[in-house]
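*Asks:* Take a look and give me a structure for this.
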Amino acid sequence: MLPALRHARDWRATVTPLASIIGSGFLVVAPLLTSSFGNYAVLAMLLIVTTAYGLGDAIRYNILHVEPLLIKQTPPLGLAQREQLSRVVLAFAYVVSVSFYLQLLAAFVLEALPANVVLSSKSITGGILLVIGVLGIWRGLQMLESLEKYAVSVKLAIIAGLLAGLLSYDISLLSKPALAAFPSLPVFNGDSVRSLLGMLIIVQGFETSRYLGDEYSAETRVSSMRRAQRLSSLIYLLFIVLILPVAGLQDGVSETAIIQFGAQISWVLPPLLIIAALMSQFSAAVADTIGGGGLFSEATHSKIPPRRAYLLVTALALAITLLTNIFEVISLASRAFALYYLLQCIDSVLIAHHRKDRRRSVIYGLLALIMLAVALFGIPAE
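*Replies:* Sure thing, here's the model as predicted:
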């Protein structure tokens with residue numbers, strides 16, 4: 001929260017992708033991975049962040065080599081069309097994300113409410129979507145956007161506290177080995193692999209740097225995205241390593257299991273985690289509504305003004321909310337973002353081939369195939 005840090009240009013360029021990468025994913029990653037992969041959860045997390053870093057490299061390559069071609073009057077054949085399609089796909093991915101964020105927010109609201117309060121997750125989500133949609137078409141959503149910088153700071157602080165608490169708890173278990181309960185080893189099969197494919201969404205968000213060109217230079221966006229991905233990968237891997245002994249004490253999986261994990265460590269963590277979830281999920285939903293509305297408006301050449309596009313985003317998100325549960329929407333969001341990353345990888349392959357960079361052509365081609373597999377075969381981890 002220090003003004004000198006908050007206003008530092010490099011930090012502001014880094015915090016946008018960083019906030020997205022360790023946003024909703026951080027709240028659900030532990031129950032998802034430990035329930036599906038047991039002691040191999042760390043390996044599964046390593047595979048996810050490695051794939052994401054490769055995808056980030058493809059997008060960074062596009063920032064440096066594709067963007068300059070797009071501003072030409074006659075870009076290479078198909079490049080402008082793929083970029084237009086990418087924006088439409090990304091807009092739909094943002095719609096799904098809005099539903100995901102608010103369904104998760106609703107789950108944490110219900111966790112905080114007394115047991116005698118009768119509310120459904122979908123009614124809470126629908127109510128918030130209605131508020132966002134009405135505010136968007138009436139006054140615009142920029143008035144809510146300023147919440148994000150405070151939500152990000154609070155969330156990062158609480159995550160740091162959670163990691164410190166986990167480390168202290170695990171050290172205390174060294175003197176009581178009988179109390180350490182690691183998750184049992186799962187049975188690996190086709191469904192476990194497909195559920196892993198459906199978890200890409202938990203580290204999504206680095207692509208936001210691609211669309212900050214009005215604020216930052218290409219070099220700043222490339223370096224800040226790389227920094228955000230490296231820091232978030234370290235945080236995710238450390239989190240999974242530290243939470244394994246705690247995760248073994250839990251039965252089943254739920255979207256708010258992180259609250260029970262926190263309660264094992266300290267009484268103060270559950271309310272703090274609820275605060276972090278409410279602040280970060282609402283601000284992320286607003287940010288993606290703005291992003292999705294802007295992309296829909298661009299795709300229609302402003303035939304749909306941004307404020308009406310916000311209403312379109314919230315209406316579509318409401319439909320998705322009514323048709324899915326939290327685990328299904330995670331998989332659906334992964335598929336949507338995988339299609340976007342697939343299109344970005346195709347651009348990277350073609351430009352790398354044109355520049356006679358064979359190594360990058362092969363790497364980006366393999367990533368494109370992985371994204372195709374995510375889009376076709378990813379399933380919910382429930």
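
*Asks:* Any stretches of this structure with poor pLDDT?
*Replies:* Confidence mapping of the chain against pLDDT under 70 gives the ranges 1, 73, 77, 115-118, 140-149, 177-190, 248-253, 380-382.

*Asks:* Export the helix or strand harbouring Leu318 to PDB, keeping only CA atoms.
*Replies:* In this assignment (DSSP states H and E), Leu318 forms part of helix 306-323. Included here for helix 306-323 are C-alpha records, laid out as PDB according to Å, rounded to 0.1, in the frame of the first residue of the first chain:
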ATOM      1  CA  PRO A 306     -19.500  -0.300 -24.400                       C
ATOM      2  CA  ARG A 307     -22.200   0.300 -21.800                       C
ATOM      3  CA  ARG A 308     -24.700  -1.900 -23.700                       C
ATOM      4  CA  ALA A 309     -21.900  -4.500 -24.100                       C
ATOM      5  CA  TYR A 310     -21.600  -4.600 -20.300                       C
ATOM      6  CA  LEU A 311     -25.300  -5.600 -20.200                       C
ATOM      7  CA  LEU A 312     -24.600  -8.300 -22.900                       C
ATOM      8  CA  VAL A 313     -21.700  -9.600 -20.800                       C
ATOM      9  CA  THR A 314     -23.700  -9.800 -17.600                       C
ATOM     10  CA  ALA A 315     -26.700 -11.400 -19.400                       C
ATOM     11  CA  LEU A 316     -24.500 -14.100 -20.900                       C
ATOM     12  CA  ALA A 317     -22.800 -14.700 -17.600                       C
ATOM     13  CA  LEU A 318     -26.200 -15.100 -15.900                       C
ATOM     14  CA  ALA A 319     -27.200 -17.700 -18.500                       C
ATOM     15  CA  ILE A 320     -23.900 -19.600 -17.800                       C
ATOM     16  CA  THR A 321     -24.400 -19.400 -14.100                       C
ATOM     17  CA  LEU A 322     -27.900 -20.900 -14.300                       C
ATOM     18  CA  LEU A 323     -26.600 -23.800 -16.500                       C
END
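
*Asks:* Counting neighbours, which bits of the helix or strand just after that helix end up buried?
*Replies:* Next helix or strand after helix 306-323 toward the C-terminus (DSSP H and E): helix 326-354. Within helix 326-354, the residues scored as buried using 16 or more other C-beta atoms under 10 Å are 326-352. C-beta: built from backbone N, CA, C; applies to glycine.

*Asks:* quick one, helix 326-354 and helix 306-323 angle?
*Replies:* Computed by axes from the mean of the first three to the mean of the last three C-alpha atoms, to 10 degrees, the angle separating helix 326-354 from helix 306-323 equals 120 degrees.

*Asks:* packing partners for whichever helix or strand comes after helix 326-354?
*Replies:* On the C-terminal side of helix 326-354, the nearest following helix or strand under DSSP H and E is helix 358-377. Here helix 358-377 is seen to pack against helix 41-65, helix 190-197, helix 326-354 when contacts are counted using 3 or more C-beta pairs under 8 Å, 6 or more residues apart in numbering; DSSP states H and E.

*Asks:* Identify whichever of those lies nearest to Tyr94.
*Replies:* Distances from Tyr94 to each of these were compared using C-beta to C-beta; the minimum, 8.6 Å, belongs to helix 326-354.

*Asks:* and that closest one, how far out from the chain's middle?
*Replies:* Helix 326-354 has its C-alpha centroid displaced from the chain centroid by 14 Å (C-alpha atoms, centre = their mean, to the nearest Å).

*Asks:* Check which helices and strands it is in contact with.
*Replies:* On a contact count with 3+ C-beta pairs under 8 Å, 6+ apart, helix 326-354 meets helix 24-37, helix 41-65, helix 79-112, helix 306-323, helix 358-377.

*Asks:* I'd like the helices and strands packed on helix 358-377 laid out as CSV, including distance to Ile21.
*Replies:* Output for the helices and strands packed on helix 358-377, formatted as CSV (distance: least, C-beta to C-beta, whole Å):
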stretch, distance to Ile21
helix 41-65, 8
helix 190-197, 18
helix 326-354, 12
